[in-house]
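1. output the structure for:
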Amino acid sequence: MSRYVGAIDQGTTSTRFIVFDRGGAIIAEAQREHEQIYPRPGHVEHDANEIWRNTRTVMREALETAGLQPSDLVSIGITNQRETTLIWDRASGRPLHNALVWQDTRVDGLVAEFARHGGKDRFRALTGLPLASYFSGLKLAWLLDRVPGARAAAEAGDVLFGTIDTWLVWNLTGGPQGGLHITDATNASRTQLMALDTLDWDAGMISAFGIPRAMLPRIVSSSMVYGETRGALPGVPIAGILGDQQAALFGQACFSPGKAKNTYGTGCFVLMNTGTAPVPSTCGLVTTLAYRLGDEAPVYALEGSIAITGALVQWLRDNLGLIRDSAEIEPLARTVEDNGDVYFVPAFSGLYAPHWRESARGIIAGLTRYANKGHIARAALEATAYQTREVIEAMETDSGIAIPELRADGGMVCNDLLMQFQADLLAVPVLRPKVTETTALGAAYAAGLASGYWAGTGDLVANWGVDHRWHPRMDEGRRNRLYAAWGKAMTRSFGWTEPTG
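-> This next block holds a predicted model:
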């Protein structure tokens, strides 16, 4: 009898496979990093074939480590970096170009061109999204126009488009030999090609961006049995797909309106469940799909996406050599009592929510001879908390709901200094759950619900528990002074670049 549920967690920097039991505990896991490709400033790419190889490897390694067989899994779910965009040949499975990562800014010129006729919010009412380099639709348009022969082949039905969930499902279910070409509604909602009310590709958006409909995957629910795997993990049903941030919301058991989480990863992503009606944003957030379970009514969310948080720590490690390991950032930051009036604005790919400034670029402000590497490290950590507060304030304004607590997950929640500073800035408790791998857990939950492993979301709420709670300790005067100084530094990053084609 199958005893567990598995989850493929395909993220921006690595791919993992994690096996969970009924209580949400981790039974086995394996992880592989993949190359980050930077052809030019602002360009970020991934090798999709490397991601597929790594996926097969981590599935095998995780099962072998725990002495498990594929038959021990009742089903698997998939969660993925969302807006990363790929096109490949239907017959051979060969990608026509490296995947364009969600952080990639090469479509700034297209953003500016479309915004000239109706502004950045011209498609927001339909799709929930502003015009930005972040989303998949314009990345796809760029690939069709820049890859030789791609557009003609796509119009002939010979080229397929997908985000990484689509790429993995297609390969797992047979690839050129009958692989399923699908995406779930959460990932589709990040393309700017799907209408939020119908959960289907919108003819007007497809026409506006010049996308051949034949290359688009079929949109499905987030939790249902889609098909069975072949090859690497034979015969196991694939039963759940969620974009990574929606998966974390699901894994954090945020099933009622007003529940919110923040994932502290490569970037930061704050999501609030808003129920079965989409809530339009006037404060720079995006309206997105939270999840859809089978044939049930879809559930929506407000989201604030921050491009660079954990990636800033990696940058200090890899580009500057300030630290040798990411874990060294907290001890280094603790060598100083405060930030020394130094502020780090990591607008490496522009600023996302709530500002949406593609032309912004990273700056360090407030430097004096007094500043040292400890102040730089502390400023880098604090930048994450400042950006999160900006998003939380926008979310409270849009929703009319004051967030009483923030559920936190992702790699940076082990950083006690950052989590305490976050609670201080927000003036509400920050909670770390017992299982911090909430992205993979959410994908497993979606698959397990569809395959009957869990009876309903009540089982998932019962699994959730608090591991640590940070309470605010900072006085209001200091909190406001720090936040005001951050705002001053942040505005200095605006308008650094000009749009490019």
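
2. which secondary structure elements does the longest helix along the chain contact?
-> Assignment by DSSP state H gives helix 373-399 as the longest helix of the chain. Secondary-structure packing of helix 373-399 (3 or more CB pairs under 8 Å, 6 or more residues apart in numbering; DSSP states H and E): strand 260-264, strand 268-275, strand 299-306, helix 310-318, helix 329-333, strand 343-345, helix 416-426, helix 476-492. (Each C-beta comes from the backbone N, C-alpha and C, glycine too.)

3. and the angle from the longest one to helix 416-426?
-> Here the directions of helix 476-492 and helix 416-426 differ by 100 degrees (axes from the mean of the first three to the mean of the last three CA atoms, to 10 degrees).

4. contacts for helix 476-492, please.
-> 339, 341, 343, 345, 351, 355, 363, 365-366, 382-383, 386, 389, 424-425, 427 (CB atoms under 8 Å, 6 or more residues apart in numbering).

5. quickly check those residues for the two that are furthest apart.
-> By the measure CB to CB, 363 and 427 form the most distant pair in these, at 27.0 Å.

6. circling back to that earlier point, what packs against the next helix or strand after the longest helix of the chain?
-> The helix or strand immediately downstream of helix 373-399 is strand 406-409, counting by DSSP states H and E. Applying 3+ CB pairs under 8 Å, 6+ apart, one finds that strand 406-409 contacts strand 260-264, helix 416-426, strand 430-433.

7. which of residue 363 and residue 427 has more residues huddled nearby?
-> Per other CB atoms under 10 Å, whichever of residue 363 and residue 427 has more neighbours is residue 363, with 17 against 12.

8. thinking again about what came up before, out of the helices and strands packed on strand 406-409, which is the most enclosed?
-> Stretch with highest mean neighbour count among the helices and strands packed on strand 406-409: strand 260-264 (a mean of 27; mean count of other CB atoms under 10 Å).

9. which strands and helices sit next to that strand?
-> Judged by 3+ CB pairs under 8 Å, 6+ apart, the packing partners of strand 260-264 are helix 244-251, strand 268-275, helix 373-399, strand 406-409, helix 438-450.

10. in a markdown table, list these along with distance to residue 170 and mean pLDDT.
-> Putting those into a markdown table (distance: least, CB to CB, whole Å; pLDDT from 0 to 100) gives the following:
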| stretch | distance to residue 170 | mean pLDDT |
| --- | --- | --- |
| helix 244-251 | 19 | 94 |
| strand 268-275 | 25 | 92 |
| helix 373-399 | 34 | 95 |
| strand 406-409 | 29 | 93 |
| helix 438-450 | 17 | 96 |
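
11. got a markdown table for the ones you listed, with mean neighbour count and distance to residue 99 too?
-> Listed next are these as a markdown table, based on neighbours: other CB atoms under 10 Å; distance: least, CB to CB, whole Å:
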| stretch | mean neighbour count | distance to residue 99 |
| --- | --- | --- |
| helix 244-251 | 32 | 15 |
| strand 268-275 | 25 | 19 |
| helix 373-399 | 23 | 26 |
| strand 406-409 | 25 | 25 |
| helix 438-450 | 31 | 19 |
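
12. and residue 181, which of those is closest to it?
-> Nearest to residue 181 among the helices and strands packed on strand 260-264 is helix 438-450 (19.3 Å), distances taken as CB to CB.

13. could the helices and strands packed on strand 260-264 go into CSV alongside distance to residue 198?
-> Converted to CSV, those look like this (distance: least, CB to CB, whole Å):
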stretch, distance to residue 198
helix 244-251, 18
strand 268-275, 18
helix 373-399, 23
strand 406-409, 31
helix 438-450, 21
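
14. among those, which is nearest residue 295?
-> Ranking the helices and strands packed on strand 260-264 by their distance to residue 295 (criterion: CB to CB) puts helix 438-450 first, at 11.4 Å.

15. so which residues make contact with the helix or strand following the closest one?
-> Counting by DSSP H and E, the element after helix 438-450 in chain order, helix or strand, is helix 457-463. The contact list for helix 457-463 (CB under 8 Å, 6+ apart) reads 23-24, 250, 253, 255, 435, 445, 449, 454.

16. ok so, going back, residue 333 is nearest to which of the helices and strands packed on strand 260-264?
-> Nearest to residue 333 among the helices and strands packed on strand 260-264 is helix 373-399; the distance by CB to CB comes to 4.0 Å.

17. hang on, the earlier thing: now for the contacts of helix 457-463: which two are most distant?
-> Within the contacts of helix 457-463, 23 and 255 form the most distant pair, 17.8 Å apart (CB to CB).
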